[in-house]
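In: The amino acid sequence is not available; the structure is as follows:
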């Protein structure tokens, strides 16, 4: 699916969700009453650890748009990463591309650059859409710094999934099931993350999910960019990319 | 003998336990048109894909123009053109866009003129989208892209699939012209007639191993003879058993045919003991010679 289509869909979803914010605030008492009837576990599953977070525009944005920005963005990156090299094989165009005067390294890094560029473009536009939407519906000012930190986490998460997709594509010999496998992996890791939040006994399992390392507490005044989380994202991205590179440079291209 | 442009030494490729090729040795001289013949699955494409660094050998080595096909693949590919057996270019491009895209990979002074010359030779419409082209026209695009940088070595893997006979003839004419200008051609095919038409030397590959490496003319002159015998007594047929006789086939009545490799006088002596009523010994066709090696 093209980048433009993904940008359009996510932007529409974000804008639509944020348009509900004003109605939400105007009917705050009624809505909060209803929300309080919902079991705590169900709220946590939705990413709401404190219902009062929903009152601030940034809290509302973080809770409601996580699924679009993080999950859909990660699926986009995963699908792109897992298909960008493999599609040359299953479309049999690798026989043209790889028989031109190029090294495997050059092919790999140019494809990697395309993944990173596409993920940055997607994040840039959807983040801008989120920012404009919040500005349009806000009742009180919100912290731009916190918003940018959340956006940076989202970008790092998406890039990590892009690198995961790239690695997956180098581990399989046949291309066809890779998209389903990639999407399944993103959803599984998101499920693990939410499960770890609602079930105390499953807290530890949450650490295997990259979603766990995205700081979501944007309404907390002490909210900041955790350098160790950044190290986690950058480190794993580099590790997976290095592994993919090593595999791709030694891989038999099946046609 | 001149320095080989392709030098393959003990090259093997196994896909797990499945054999691709086994201990292939081959030297191809600069300037020749070399045929690489074998049935489907014999290992022709595997050999070519190792030369182009699409796959890695399990054992052995190969060089092109003295350069290792793994370590110096980029340098090699600057001087090599390749036509794959399945011609799938980028479908969203039109013919001209694709050819210009291909041309950009090479440090060449070629201009649009080379593309124009080649597309007009093959009667290709440059504005047609590749996804809209027939199989034959896609093949033409694949051939043109392999020639746009005037390579020193052209590797062709089943290049005539999809081409009509007239276009095949034009293609061969172009190959001969390019060969006269110095281009070496490595021509892989399972169609024997086209190899016979074009190549001077041929390697026959069977079940991953080179079983014959010959000049086409030598191959024709081999001792192999096609023999057709008619017996007066049908009981004799059961007794046709001597070294050198293969492909024994019963024809009509008491007639049978076989291929014989060995001394003719030994065959005549052997047959003289039988009650034969007719005997024909003839040169086998190239097809029959190859079938003899395939079986």
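Out: Thanks, I have the structure now. Note that this is a predicted model, so its numbers are computed, not measured.
In: interface residues of chain A facing chain B?
Out: A:91-96, A:98-104, A:250, A:252-253, A:255 (Cβ under 8 Å from any Cβ of the partner chain). Backbone N, C-alpha and C define where each C-beta goes, glycine included.
In: Now the buried members of those.
Out: For the residues of chain A next to chain B, a burial check counting by 16 or more other Cβ atoms under 10 Å in any protein chain shown picks out A:91, A:93-96, A:98-102, A:104, A:253, A:255.
In: Now compare these and name the two farthest from each other.
Out: Spatial extent of those (Cβ to Cβ) is set by the pair A:91 and A:101 at 20.9 Å.
In: Residue A:216 is in contact with residue A:66, correct?
Out: Yes: in this structure, residue A:66 is within contact of residue A:216 by Cβ atoms under 8 Å, at 7.0 Å.
In: other SSEs contacting the helix or strand in which residue A:146 is found?
Out: Residue A:146 belongs to helix A:144-171 when elements are defined using DSSP states H and E. If you count contacts as 3 or more Cβ pairs under 8 Å, 6 or more residues apart in numbering or on different chains; DSSP states H and E, helix A:144-171 packs onto helix A:57-66, helix A:73-83, helix A:104-137, helix A:178-198, helix A:227-249.
In: Would you mark the buried spots in the last one?
Out: It refers to helix A:227-249. Those would be A:229, A:232, A:233, A:236, A:237, A:240, A:241, A:244, A:245, A:248, for helix A:227-249 by 16+ other Cβ under 10 Å.
In: distance of residue A:62 from chain B?
Out: Using Cβ to the nearest Cβ, to the nearest Å, residue A:62 is found at 39 Å from chain B.
In: That residue: what's it in contact with?
Out: Going by Cβ atoms under 8 Å, 6 or more residues apart in numbering or on different chains, residue A:62 touches A:47, A:53, A:150, A:216, A:218, A:219.
In: Point out where chain A drops to low pLDDT.
Out: Chain A contains residues with pLDDT under 70 at A:1, A:38-52, A:174-176, A:255.
In: give the contact list for the residue located most distally from the centre of it.
Out: Going by Cα atoms, centre = their mean, the residue of chain A most distant from its centre is residue A:101, 35.5 Å out. For residue A:101, the contact set (Cβ under 8 Å, 6+ apart) comprises B:74, B:75, B:77, B:78, B:105, B:106.
In: Pick out the most distant pair among those.
Out: B:75 and B:105 (13.1 Å).
In: Comparing these two, which shows the higher neighbour count?
Out: Neighbour tally, residue B:75 and residue B:105, criterion other Cβ atoms under 10 Å in any protein chain shown: the higher count belongs to residue B:105, 18 against 14.
In: in what helix or strand does the closest residue in space to that one that isn't next to it in sequence lie?
Out: What sits nearest to residue B:105 in space, not counting adjacent residues and going by Cβ to Cβ, 6 or more residues apart in numbering or on different chains, is residue A:100, at 4.0 Å. Under DSSP H and E, no helix or strand contains residue A:100.
In: is it true that residue A:100 touches residue B:80?
Out: No: with contacts counted by Cβ under 8 Å, residue A:100 stays clear of residue B:80, the gap being 9.7 Å.
In: Out of the buried ones among the residues of chain A next to chain B, which comes closest to residue B:27?
Out: residue A:99 (22.0 Å).
In: So the nearest residue to that closest one once chain neighbours are set aside, which state does it fall into?
Out: When the adjacent residues along the chain are set aside, residue A:99 lies closest to residue B:82, with 4.4 Å between them (Cβ to Cβ, 6+ apart). Here residue B:82 is recorded as strand under DSSP: H, G, I helix; E, B strand; the rest coil.
In: is residue B:82 in a bridge, and if so with what?
Out: Here residue B:82 sits in beta bridges with residue B:155, going by DSSP bridges.
In: Surely residue A:111 and residue A:82 touch.
Out: No: contact criterion Cβ under 8 Å: residue A:111 and residue A:82 do not qualify, at 11.5 Å.
In: can you give me the helices in the stretch 51-200 of chain B?
Out: Assigned by DSSP state H, counting those that start in this stretch, the helices in the stretch 51-200 of chain B fall at B:73-78, B:95-103, B:112-121, B:135-147, B:165-180, B:192-198.
In: tell me what the fourth one is packed against?
Out: Just to be clear, that refers to helix B:135-147. Using 3+ Cβ pairs under 8 Å, 6+ apart, helix B:135-147 sits against strand B:80-83, helix B:95-103, helix B:112-121, strand B:153-157, helix B:165-180.
In: Please point out which parts of the third one sit buried.
Out: Okay, so that is helix B:112-121. For helix B:112-121, using 16+ other Cβ under 10 Å, the buried residues are B:114, B:115, B:118, B:119, B:121.
In: That helix and chain A in contact?
Out: No: Helix B:112-121 does not reach chain A (Cβ under 8 Å from any Cβ); its nearest approach is 15.5 Å.
In: Give me the angle between that helix and helix B:165-180.
Out: Per axes from the mean of the first three to the mean of the last three Cα atoms, to 10 degrees, the angle that helix B:112-121 makes with helix B:165-180 is 140 degrees.
In: chain center to helix B:112-121, what's the gap?
Out: Remark: helix B:112-121 is offset 27 Å from the chain centroid, using Cα atoms, centre = their mean, to the nearest Å.
In: so residue B:80 sits right up against residue A:99, yeah?
Out: Yes: using Cβ under 8 Å, residue B:80 is in contact with residue A:99, at 7.5 Å.
In: check contacts around residue 83.
Out: All of this is about chain A. A:165, A:169, A:175, A:178, A:179.
In: Let me rephrase: I mean chain B.
Out: B:139, B:142, B:143, B:146, B:154, B:155, B:156, B:157, B:159 are the contacts of residue B:83 under Cβ under 8 Å, 6+ apart.
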